[in-house]
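Visitor: Make a model of this:
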Amino acid sequence: MIRKVSILDRSRTREGHPAPDALRDTVELARAAEELGYHRFWVSEHHSVPGVAGSAPTVLAAAVAAATARIRVGTGGVMLPNHQPLVVAEQFGVLESLFPGRIDMGLGRSVGFTNGIRRALGRDTGDADRFEEQLTELLGWLDGTQRAHPEVHARPAEGLGVPAYVLATGEGAGIAARAGLPLVVGDLRTRGRVAEIVETYRKEFRPSARHTEPYVVVSGTVAVAATAEDARRILVPEAWSLAYSRTRGSFPPLRPAEEIEAMEMAPKERELYEGALTGHIRGTEERVAAQLSEVAEETGADELLVTTSTYDRTALLDSFERLARVAGLRTGGAEGRP
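Guide: Have a look, this model is predicted:
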């Protein structure tokens, strides 16, 4: 079994509930995660997405950290190409100063997913190619080793030791390895590909002052319920939302599973919807325990980062409670860093 289990919540909006509700739901879920013994709780960065309220991850992380006491809190992630590395260092320095020993800095290399969003952010697709350069600069600001601007210091971040993680696949895994940083990789629907990426990362890993050994976090959707059908229904709203976005170009808020199951769908939408329901870790506690053992054996992961979203918040919380039981998490929150 994987030693540590954590949660990444994307603050998905729900039909009939305004976006601020999604942010408050995220904070409430973090409180529950802490009591259930999850290791860390991360939030994400999305811009101008109708179905996602989480657009300012460091701000939301501050709210989560303030509402909890023990669980590690961070980002999954801050999309570094959207920001100046100095500003990112300062933001995490403030977080670490306010909540010492609890803050994680998860970093991704994506930019806005449409041309309009990229223009509004002052970025283009080529900015993702500068991720490794930006990552090096950011780590230099945190460690006090950057030399491009010797008269400038990232206050209060410098010397605080904020841990960094790289969210990546393919080439990005090599960046994590060269930097000597932990790798966060998904999704588990393509477990064979994930295992290949992890193997390459471990082979190419260069020990650093931050980490002397590789550390792997695998991410994916997990749904646990009393029955297999109940677990499947947890996945229905997100699967439909994904299918809708790929056929209509807009990512909508989540809708109740019973509404979706009663819908008439065009053949292409139905195909995408059914496909989006497959490959996830789901089922009863016994079935999920077996699947998690398979993931641990195939990937050798040190940690599992669960990314499940659904309309029914009661069912979602029940799933996380059952998963905590399956994983043998200790009530009282996480201890230490990776």
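Visitor: do you know how far Ser241 is from Tyr165?
Guide: For Ser241, the distance to Tyr165 (C-beta to C-beta, to the nearest Å) stands at 27 Å. (Glycine included, C-beta is placed from N, CA and C.)
Visitor: Who are the contact partners of Pro20?
Guide: By C-beta atoms under 8 Å, 6 or more residues apart in numbering, Pro20 lies in contact with Ala53.
Visitor: chain center to the helix or strand encompassing it, what's the gap?
Guide: Assigned by DSSP states H and E, Pro20 belongs to helix 19-36. With C-alpha atoms, centre = their mean, to the nearest Å as the basis, helix 19-36 stands 15 Å off its chain's centre.
Visitor: continuing past it, what's the next helix or strand?
Guide: Immediately after helix 19-36, counting by DSSP H and E, sits strand 40-43.
Visitor: What pairs with that following strand, parallel or antiparallel?
Guide: The strands beside strand 40-43 in its sheet (DSSP bridges) come out as strand 4-9 (parallel), strand 72-75 (parallel).
Visitor: who touches it?
Guide: 4, 6-11, 26, 29-30, 33-34, 54, 57, 60-61, 64, 68, 71-77, 104, 106, 305, 334.
Visitor: Now with 6 Å, please.
Guide: For strand 40-43, contacts defined as C-beta atoms under 6 Å, 6 or more residues apart in numbering pick out 6-8, 30, 33, 54, 57, 60-61, 71-76, 106.
Visitor: And stretch 271-279, by the same measure?
Guide: 189, 235, 239-240, 242-243, 246.
Visitor: just the buried members of these?
Guide: Among the contacts of stretch 271-279, those classed as buried by 16 or more other C-beta atoms under 10 Å are 235, 239-240, 242-243.
Visitor: For the stretch 101-250 of the chain, which segments count as strands?
Guide: 103-108, 164-167, 183-185, 216-220, 222-224 (DSSP state E, counting those that start in this stretch).
Visitor: Need the ones you listed in TSV (columns: distance to Thr200 and mean neighbour count).
Guide: Putting the strands of the stretch 101-250 of the chain into TSV (distance: least, C-beta to C-beta, whole Å; neighbours: other C-beta atoms under 10 Å) gives the following:
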stretch	distance to Thr200	mean neighbour count
strand 103-108	19	26
strand 164-167	13	26
strand 183-185	10	28
strand 216-220	11	24
strand 222-224	25	28
